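Novice: just the structure for this:
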Amino acid sequence: MTITRDSHPTATIVDGIIRARRAVRYFRPDPVPQRMVEDILDVARFAPSNSNIQPWHVYALAGQEKAALSEALSQAHREDRHPPLRHIPDPLPEAMRVRQEAFGSVYYGALGIPKQDLQQRTKVTARNFDFFGAPVGLIFAIDPSLTKFSWLDYGLFIQTIMIAASAIGLATCPQVSFVRYQDIISRHLDFPDGFQVVCGMSLGFPDDESTVNRLDMAREPVDGFTRFLGFGD
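Specialist: The predicted structure follows:
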């Protein structure tokens, strides 16, 4: 008997949430109550982790606390004294390079910014540090003694947050840009000694009028990244 996902109502709901999720970069100013953030994290805490060590530490910011951190980071971005963030290798493997360039073309094209306009691109990057105008900013930190396997656990946790947020009408944007300012963030949020920034995340209600929020980025088909071995017909 062939089992299809369409025959499972729950799968249809979950699949729809996952497929509809977007990295949102324009948010409405509507506040998000602390209780809603707590509910999202209450779901996400059930994400799997190696030996159930649960390596996540979350700093949820709103109001003046978020504004103060954003101002400190925005100033650092303007001064441009920190070493550049190398979050991906240069050069990238060819297939990934093509996908990265396609993203840049679509994203900056939607904003009307040509590839050679580095000044405008820098201004767009600066919006990361205001959490793209979202009312809630999340900063994720990790104990540096942990290995890459715990970083994998963290990815599962962050993905679960994004799905849980989408399920109640909120949008997110995970942001690696915060890692560049590890020293500022760790001082501002009073991290435990040596803790590292994993990434940040914007959280809020999406601005549905924004073209950028409706970008449909191409995804590789399953047969482009999977080898099936040993399956029957």
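Novice: so what touches stretch 175-183?
Specialist: 73, 76-77, 82-85, 87, 125, 128-129, 131, 139, 185, 196-202 (C-beta atoms under 8 Å, 6 or more residues apart in numbering). Any C-beta I mention is one placed from the backbone N, CA and C, and that applies to glycine too.
Novice: buried ones in that stretch?
Specialist: Across stretch 175-183, burial judged by 16 or more other C-beta atoms under 10 Å covers 175, 177, 178, 179, 180, 181, 182.
Novice: save the residues you listed as TSV, and put in distance to residue 50, secondary structure and pLDDT too.
Specialist: Converted to TSV, the buried residues of stretch 175-183 look like this (distance: C-beta to C-beta, whole Å; DSSP: H, G, I helix; E, B strand; the rest coil; pLDDT from 0 to 100):
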residue	distance to residue 50	secondary structure	pLDDT
175	25	strand	97
177	27	helix	96
178	24	helix	98
179	22	helix	97
180	28	helix	97
181	29	helix	97
182	24	helix	97
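Novice: need the max-distance pair from these.
Specialist: 175 and 182 (13.6 Å; C-beta to C-beta).
Novice: could you dump the strand ranked longest in the chain to PDB, C-alpha only?
Specialist: Secondary structure assigned by DSSP state E gives strand 196-204 as the longest strand of the chain. Extracted in PDB, the C-alpha atoms of strand 196-204 (Å, rounded to 0.1, in the frame of the first residue of the first chain):
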ATOM      1  CA  GLN A 196      29.600  32.700  22.100                       C
ATOM      2  CA  VAL A 197      26.900  34.200  20.000                       C
ATOM      3  CA  VAL A 198      25.300  31.600  17.700                       C
ATOM      4  CA  CYS A 199      23.100  34.000  15.800                       C
ATOM      5  CA  GLY A 200      20.300  36.400  16.300                       C
ATOM      6  CA  MET A 201      16.700  36.400  15.200                       C
ATOM      7  CA  SER A 202      14.000  39.000  14.400                       C
ATOM      8  CA  LEU A 203      10.500  38.100  15.500                       C
ATOM      9  CA  GLY A 204       7.200  39.900  14.900                       C
END
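Novice: what strands line up against that strand, and which way round?
Specialist: If you go by DSSP bridges, strand 196-204 pairs up with strand 136-142 (antiparallel), strand 171-175 (antiparallel).
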